[in-house]
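Asker: Here is a sequence with its predicted model. Questions after.
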Amino acid sequence: MARDTTDFQPIEGMDQLVSYLSAGNKPKEEWRIGTEHEKFPFYVDGNSPVPYGGDNGIRAILEGMQRVLGWEPIIDAGHIIGLVEPTGQGAISLEPGGQFELSGAPVETIHQTCREGNAHLAQLRQIAEPLGIRFLGLGGSPKWTLAETPRMPKSRYDIMTAYMPKVGTKGLDMMYRTCTIQVNLDFDSEADMRRKMQVSLKLQPLSTALFANSPFTEGRPNGLQSWRGDIWRDTDNQRSGLLDFCFSPEFGFADYVKWALDVPMYFLIREGRYFDVTHVTFRQFMDGALRNEVPDGLPTMGDWANHLSTLFPDVRLKRFLEMRGADGGPWRRICALPAFWVGLLYDDAALDAAEALTRDWTFEEVSAMRETVPAQALNTAFRNHSLRDVAREVLDISRTGLANRARNNAEGYDETGFLAPLEEVVARGTTSSEEMVRAFHTRWGGSIEPAFIEYAY
């Protein structure tokens, strides 16, 4: 979420919260694709992290991007912490450790997503390279310790930083040392949302395996293929992970609302100030718990929208669905991630096939897969097969879905070509992480530094 919401409409009951989600229902012709991708900024001289301030820091990049794009600044306590396109068609934001994120405009095709990503990276190079800064496309920070990692002046992150060690062992690593690629996709009804939520929750560990791209920590191999995936195993399990109730045949918007109501809050915004309210759940807030603690301590729809943005399940439900399982990666993967999910979820025949494939997968089986994938990726065993075997079948379904969509570019090519990086992973049987670790032990000579050349944008 690029910026926190203010909407002063009072909350009068749970039905209003359910209606907020169901208002996301859209007819198929209005479905769009919103791609988000994060990357680590670094100084080319020494491959060191980039702080917020200074003449060649992250603030300077944001100010330069504002000049190039003409977008409106997002200000927090006097600091520029992001940019938003004036009509809401995209935003740039900062993650806690300075990870630079583009939240793309809602577009109709993967071709448009790729053009958008290309334009963004070209604009970023124009501003950042004269400052001696480039960007790294990995899922985990490969070199810097947590102490060496900068901290961005963003109020919600101060609250989260204090809270995370109370609820898990890896929350600060999640905040400061990971990057992801995500795609936001639409649904036309509660039933359509249910089908897409269930299929995508079951396949999210496969996405983590296919996009595994974080094998280094503090300059050495960490023994994992997706360190980022491992971090999410113990970040804040009250608000993260695989949601068992979503596997129910009757799952609907109200079930998600009931779950969200009992998750502790992070913050309230009142009069431009962030208040730490991590000691209450949203349900307690609605029951009056903050009435005398903060100004205007009664819940609003803006508070609800902000709370939904602080929940981190593997697939997040807002007025759309967010696919959250993939590591950050090179440019081709920024296009491959939305292509993978659009192929599976936006074509009726493909969704039928994906649903049939995963229908009898149990919560326990998917949980076990999710636990194993960070270390074993495509070698993870599932029933009598490996996840690599499953990947072949799922990619065939996605390719069929993209072909059926028949969204061609000016040269006459459809969207199926964007799956090529994933098909290459399955064909060779090794992930990006495995290829990097092999390079580390051979041609990189036991050094992490070449990653900053080979995986830089």
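Answerer: That came through, no problem.
Asker: contacts and neighbour counts: CA atoms only from here.
Answerer: Noted.
Asker: remind me, longest strand of this structure?
Answerer: When the chain is parsed with DSSP state E, its longest strand is strand 33-43.
Asker: Toward the C-terminus, what is the element adjacent to it?
Answerer: strand 48-49 (DSSP states H and E).
Asker: Determine the set of other helices and strands touching that next one.
Answerer: If contacts are counted by 3 or more CA pairs under 8 Å, 6 or more residues apart in numbering; DSSP states H and E, strand 48-49 sits against strand 33-43.
Asker: Give me the contacts around the longest strand of the chain.
Answerer: For strand 33-43, the external contacting residues (CA atoms under 8 Å, 6 or more residues apart in numbering) are 48-50, 98-110, 113, 132-138, 141, 179-186, 328, 334, 338, 342.
Asker: Show the average pLDDT along that strand.
Answerer: Averaging pLDDT along strand 33-43 yields 98.
Asker: Please apply the same query to stretch 292-299.
Answerer: The model assigns stretch 292-299 a mean pLDDT of 95.
Asker: If you count neighbours, what's buried in that stretch?
Answerer: Neighbour counts over stretch 292-299 (16 or more other CA atoms under 10 Å) mark 294, 297-299 as buried.
Asker: what's the answer for stretch 204-220, then?
Answerer: For stretch 204-220, burial by neighbour count (16+ other CA under 10 Å) applies to 204-217, 219.
Asker: where do the helices sit along the stretch 151-300 of the chain?
Answerer: 155-167, 171-177, 190-210, 227-231, 253-261, 282-286 (DSSP state H, counting those that start in this stretch).
Asker: deepest of these, which one?
Answerer: Among the helices of the stretch 151-300 of the chain, helix 227-231 has the highest mean neighbour count (mean count of other CA atoms under 10 Å), at a mean of 26.
Asker: Report all helices and strands that it contacts.
Answerer: The contact analysis (3+ CA pairs under 8 Å, 6+ apart) places helix 227-231 against helix 171-177, strand 321-327, helix 363-376.
Asker: low pLDDT regions in this structure?
Answerer: Residue ranges of the chain with pLDDT under 70: 1-3, 5-6.
Asker: I'd like to know how far the most far-flung residue of it relative to its centre sits from residue 10.
Answerer: Here the centre of the chain is the reference, and by CA atoms, centre = their mean the most remote residue is residue 292, at 35.4 Å. Noted for residue 292: a distance of 17 Å to residue 10, by CA to CA, to the nearest Å.
Asker: re earlier: relative to residue 93, which of the helices of the stretch 151-300 of the chain is closest?
Answerer: Distance to residue 93, taken as CA to CA, is lowest for helix 155-167 among those, at 12.6 Å.
Asker: List the contacts of the closest one.
Answerer: Contact with helix 155-167 is made by 76-77, 96, 170-172, 235-237, 266-267, 274, 276, 278, as judged by CA under 8 Å, 6+ apart.
Asker: can I get the CA coordinates of that helix in CSV?
Answerer: What follows is helix 155-167 as a C-alpha-only set of coordinates in CSV (Å, rounded to 0.1, in the frame of the first residue of the first chain):
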residue,chain,number,x,y,z
SER,A,155,5.8,6.4,11.1
ARG,A,156,4.1,3.1,10.6
TYR,A,157,7.5,1.4,10.3
ASP,A,158,8.6,2.8,13.7
ILE,A,159,5.6,1.1,15.3
MET,A,160,6.1,-2.2,13.4
THR,A,161,9.8,-2.2,14.3
ALA,A,162,9.0,-2.0,18.0
TYR,A,163,6.3,-4.6,17.8
MET,A,164,7.8,-7.3,15.5
PRO,A,165,10.2,-8.8,18.1
LYS,A,166,7.3,-9.4,20.4
VAL,A,167,5.4,-11.7,18.0
